[in-house]
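> Sequence below, structure please.
(chains A and B)
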Amino acid sequence: MSFLKKPKTCVFLLFIFVLLLSILGALQKGAFPIHTEVWLSLLTGEHPLFKSSQNGDIYILWYLRIPRVMLAVLMGAALGLAGTLVQGLFRNPLADPSLLGVTTGAASAAALTIVFCSGDRIAMFGMAKIWILPIMSFLGAFLTCMTLNVSSKWLASGSISGLLLLGIALNALGVSIIGLCTYLATDEQLRNLSFWTLGSLAGANWTMVVMMWLMLVIVYVCSSRLSPRLNALSLGEVTAAHLGIVVSRLRWSISVMVALLAGLSVAFCGVIGFIGLIAPHLARAVIGADQRVLLPLSMLMGALLMLTADTIARTIVIPAEVPVGIFTALLGSPFLIVLLRTRRHRIG
Amino acid sequence: MRRITPARLPETLAFLMRRRALGRLGTIGALAMSQSMHAKSVGNRPPRIVSVGGALTEIVYALEAQSCLVGVDSTSSFPHQAQLLPQVGYARRLSAEGILALSPTSVLVTEEAGPPEVLRQVSNVGVPVEVLDSGYRFEGLVQRIARIGRLLSTEAKTVALIERLSLAWSEVCLSVSHHTTIRPRVLFLFAHSTSRLMASGIQTGAHAMIEYAGAINATSDFTGFKPLTPESLIAARPDVILLTEHGFKAMGERSSVLKLPGLSQTPAGRAQRIAVMDASLLLGFGPRLPMAVQQLSEQFRTSVTT
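Residues are numbered from 1 along each chain as shown, chains lettered A, B, ... in the order given. A predicted model of the protein is given here:
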């Protein structure tokens, strides 16, 4: 068991264990009490996949609760990964897809799609619905990323405050587009929109889980191959270039990845803020700034945070439900304040 | 731990048996038994209704079937006893598992309920979600009552309620039509605070109510709700301003309503004519509809003639 002697491996094993425990705990919790017998019947062949007539309990477990918990974990991991990538790319601990307007960009693209491409305007919308929203929100996120990328170079080169101000401007632009859409929307579209802008995991289903899973695996594999380059980038663009890294290409590929993650998560769950900002900070506090280990640990942290927040959100006022965004911020911000206090010298 | 109700007794028994008989055979036997018993008990079970929408809850109460109600949403504020039932939250942000945990036999929703994903999830479990649209008409109310009556199998009470309401309705219509000589222009202000005012155009509940009460909707040149600017307020030339009680309080009562920019330039502002009505009464389209129309037309008449 020589690998256990490495402290980093132990940290990972510990957090994976905690995450697994939390998943089990979250699966137990919920408005609908689910007995052990129902759990057992999932294993003993009475699976809803193989049975046409469905018992309510098992259906709730298999089609409502398990996908929701899985989606919370995957969403959290995706947001954590996106946050770490953005922070690494902009070499800025304040960067975060929602702070920089990437998620808002995705949401505004989605809002435009809901308002202008729905109903009778595009007949095929009903069938393509599951694809058009993710694609549009990806495009929105990607466009915002590219704008940030390009303009942060020639508007405010190397300046942290310049980048953040640009992010605020893009955010405001996205919010105003969403506002315009709510003004133009019909009542039914408005209901769709409010689901997006507030962020919720209530719509979770297996299709979303599988798509999110695939995306996460692909992006994680690609980004972990880039993590040594991100490490080099943390020394500064010039130094990274001297080390033989094509910085512009790195920027480009990271932007695509962040846009994919942010776009898909917005498409499925709307705007859920703060996880992308906090997860990397927590991970950095535990394991240091090496991107090779930071990326997977931020994903674990994000997954844990999101799962906790969502579980609280759906169980605290049973049988009603609280928007999950409230709890991501409520859990996250005290952590962040403590971190800022203790690590002030490194962030400055 | 799940409560042991008579309806759940077979399941609980089966569960206990299964724990004792570890063998697979025993499990299958118990399962088969529990399922057949379950099937029988469903038929006789009284309906368990989750009602999402104040008007729908009112209808259930009007049919004296409140014992079937197992949950209501936050808009179900009338009658007051309804507020004591388990709350499933705001009608537009429902939670599938929360509703299912009340093990309803059907869920009544208005067309406003959502999100659509949640409603789909609930109906996928096999709990029928009944969307009851009033269409902002009296006929819509009658249809709602008829459908809820069918669900609750309270035929006699349904017929009686519909007859009673139809009678009241024709009386109200008659009394309103007696006063068609004065048709004031009414502007409904949908307000949460002074900073965000909305006016209601056609195809809204407020428009229908204003028309039913024998008045003219001052802002009938658009559909749905639109923000109200001081200029469009003056252009609408309202004789009366209509507010919900909630909005009236949120804006800071009479004095601050009269200070609204532009209002002093309208007939309503000059004569200080403000009508206020409880939101669930005014916009609910529930069994109190005839009463609401009656009260509204009286409010309009007295405010215009004085």
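
> Can you list the buried residues in stretch A:300-317?
A:300-315, A:317 (16 or more other Cβ atoms under 10 Å in any protein chain shown). To be clear about C-beta, it is placed using only N, CA and C from the backbone, and glycine gets the same treatment.

> does the lengthiest strand in chain B come close to chain A?
Longest strand in chain B, counting residues (DSSP state E): strand B:185-193. No - contact of strand B:185-193 with chain A (Cβ under 8 Å from any Cβ of the partner chain) is absent, the minimum separation being 12.9 Å.

> Pull up the pairing partners for that strand, direction included.
Sheet pairing here is set by DSSP bridges, and for strand B:185-193 it gives strand B:196-200 (antiparallel), strand B:216-217 (parallel), strand B:240-244 (parallel).

> what's the longest helix in the chain?
All of this is about chain A. Assignment by DSSP state H gives helix A:125-154 as the longest helix of chain A.

> that's the other chain; I wanted chain B
Counting residues, the longest helix found in chain B (DSSP H) is helix B:155-177.

> mind listing what's buried in that one?
Judged by neighbour count using 16+ other Cβ under 10 Å, the buried positions of helix B:155-177 are B:Lys157, B:Thr158, B:Leu161, B:Ile162, B:Leu165, B:Ala168, B:Trp169, B:Val172, B:Cys173, B:Val176.

> Same check on stretch B:230-247?
Buried, per 16+ other Cβ under 10 Å, within stretch B:230-247: B:Ser232, B:Leu233, B:Ile234, B:Ala236, B:Pro238, B:Asp239, B:Val240, B:Ile241, B:Leu242, B:Leu243, B:Thr244, B:Gly247.

> Settle this for me: the fourth one is touching B:Thr219, isn't it.
Put plainly, it is B:Ala236. Yes - B:Ala236 is within contact range of B:Thr219, at 5.2 Å (criterion: Cβ atoms under 8 Å).

> tell me, what's touching those two both at once?
Common contacts of B:Ala236 and B:Thr219 (Cβ atoms under 8 Å, 6 or more residues apart in numbering or on different chains): B:Leu187, B:Ala199.

> residues in contact with B:Phe138?
B:Trp169, B:Tyr212, B:Leu289.

> List the residue ranges of the stretch 51-200 of chain A that fall below the pLDDT cut-off.
Scanning the stretch 51-200 of chain A for pLDDT under 70 picks out the ranges A:51-56, A:118-130, A:155-161, A:187-188, A:191-192, A:195.

> So which residues on chain A come close to chain B?
Within chain A, the positions lying close to chain B (Cβ under 8 Å from any Cβ) are A:30-33, A:35, A:37, A:54, A:56, A:59-60, A:63-65, A:183, A:186-187, A:191-192, A:194-195, A:198, A:200, A:202-203, A:314, A:317-321, A:323.

> my guess is A:Glu321 meets B:Arg93, correct?
Yes - between A:Glu321 and B:Arg93 there is a contact at 6.6 Å, judged by Cβ under 8 Å.

> so what sits against both of the two?
The contact lists of A:Glu321 and B:Arg93 share A:Ser200, where a contact means Cβ under 8 Å, 6+ apart.

> higher neighbour count, these two?
A:Glu321 (26 against 23; other Cβ atoms under 10 Å in any protein chain shown).
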